[in-house]
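Asker: Fold the following, please.
(one chain, ligands or ions: 2)
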Amino acid sequence: MTDESARQRGAEGDPREHARALIDEKTRRVPDFPEKGIIFQDLSPVLADGDGLASVVDGLIYGLGDVDLVGGIDARGFLIGGAVALRLGVGVLAIRKAGKLPPPTHRREYELEYGTASLELPADGMDLVGKRVLVVDDVLATGGTAIAAVDLLTDVGAEVVAVATIMELDGLGGHERVAKHLGGDIPVTCLWVG
Ligand SMILES: O=P(O)(O)OC[C@H]1O[C@H](OP(=O)(O)OP(=O)(O)O)[C@H](O)[C@@H]1O
Ligand SMILES: Nc1ncnc2[nH]cnc12
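Answerer: Numbering: from 1, shown residues only. Ligands and ions are numbered 1, 2, ... in the order given. Reported below is the predicted structural model:
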């Protein structure tokens, strides 16, 4: 990390401003992927950049309350989840796509901007009751994935304290859907909206 990037990220105020500038500059926007009509927002170049990853992590945790555990959503949420957890000094939990975890599991199905899917969590081996969990992912689109993650964590007795994503796709209603599902008092934060 350079002194310059550290200065830009935090010392001069809100670290989200620098994160937003890098997201704006580096995101790869690909039309008609994975199907016609979808503009795929590929954050790979942002996260592959040291300053980009650090800025995003700082931005995602800005203003957060107490967190015991970070839940990262399969698959791109894993990248952010591990980095955020390390920064917060807590553990990370992989919220997995169906069929990856050995039984017993809890499962929730949901609809995506393109298709349907299921998420799973282990149903034993960990005591998640009462754990304050921050859910992280790269993109919030329709909100279906985030809602399934919230429901799974609720199923295992955890308390979701915030949902944070790097990017929100405007016009799909995801932010409102997730906020409403969480009941209004739990923050849904997205660094960049577009
Ligand atoms: O708000 P939603 O409409 O639910 O969409 C958002 C989800 O879609 C993408 O994941 P995807 O299912 O494509 O999986 P991947 O991370 O494995 O590529 C993205 O990483 C989010 O998890
Ligand atoms: N348009 C999109 N770009 C990247 N990830 C997504 N997840 C859901 N919709 C997406």
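
Asker: From residue 139, how far out is residue 85?
Answerer: Relative to residue 139, residue 85 is positioned 19 Å away (criterion: CB to CB, to the nearest Å). Every C-beta, even on glycine, is put in place using the N, C-alpha and C of the backbone.

Asker: repeat for residue 182
Answerer: Between residue 182 and residue 139 the computed distance is 18 Å (CB to CB).

Asker: Touching, residue 40 and residue 76? I think so.
Answerer: No - between residue 40 and residue 76 there is no contact under CB atoms under 8 Å: 11.7 Å.

Asker: Pick out whichever of those two has more residues nearby.
Answerer: Here residue 40 and residue 76 are compared on neighbour count by other CB atoms under 10 Å; more neighbours surround residue 76, at 19 against 16.

Asker: Surely the more buried one touches residue 145?
Answerer: No - under the criterion of CB under 8 Å, residue 76 is not in contact with residue 145, lying 10.5 Å apart.

Asker: anything in contact with each of these two?
Answerer: Residues touching both residue 76 and residue 145 by CB atoms under 8 Å, 6 or more residues apart in numbering: residue 137.

Asker: Sketch out the low-pLDDT regions of this structure for me.
Answerer: Within the chain, the stretches falling below the threshold (pLDDT under 70) are 1-12.

Asker: just the strands in it please.
Answerer: Assignment of strands within the chain using DSSP state E yields the ranges 28-31, 39-42, 69-73, 91-97, 105-112, 115-122, 132-140, 159-168, 188-193.

Asker: Tell me how far residue 31 lies from residue 170.
Answerer: 16 Å.

Asker: Could you do residue 36 as well?
Answerer: Relative to residue 170, and taking CB to CB, residue 36 is found at 20 Å.

Asker: Check residue 113 too.
Answerer: For residue 113 relative to residue 170 (CB to CB), the value is 13 Å.

Asker: Same drill for those two, tell me which one is more crowded.
Answerer: The neighbour comparison of residue 113 against residue 170 (other CB under 10 Å) goes to residue 113, with 18 against 11.

Asker: Would you list the phi and psi of that one?
Answerer: Torsion angles at residue 113 (phi, psi; degrees, to the nearest 10) stand at phi -60, psi -30.

Asker: Next up, the contacts around it.
Answerer: Taking CB under 8 Å, 6+ apart, one finds 38, 141-142, 169, 172 in contact with residue 113.

Asker: if we go to 7 Å?
Answerer: Taking CB atoms under 7 Å, 6 or more residues apart in numbering as the contact definition, residue 113 lies against 38, 141-142, 172.
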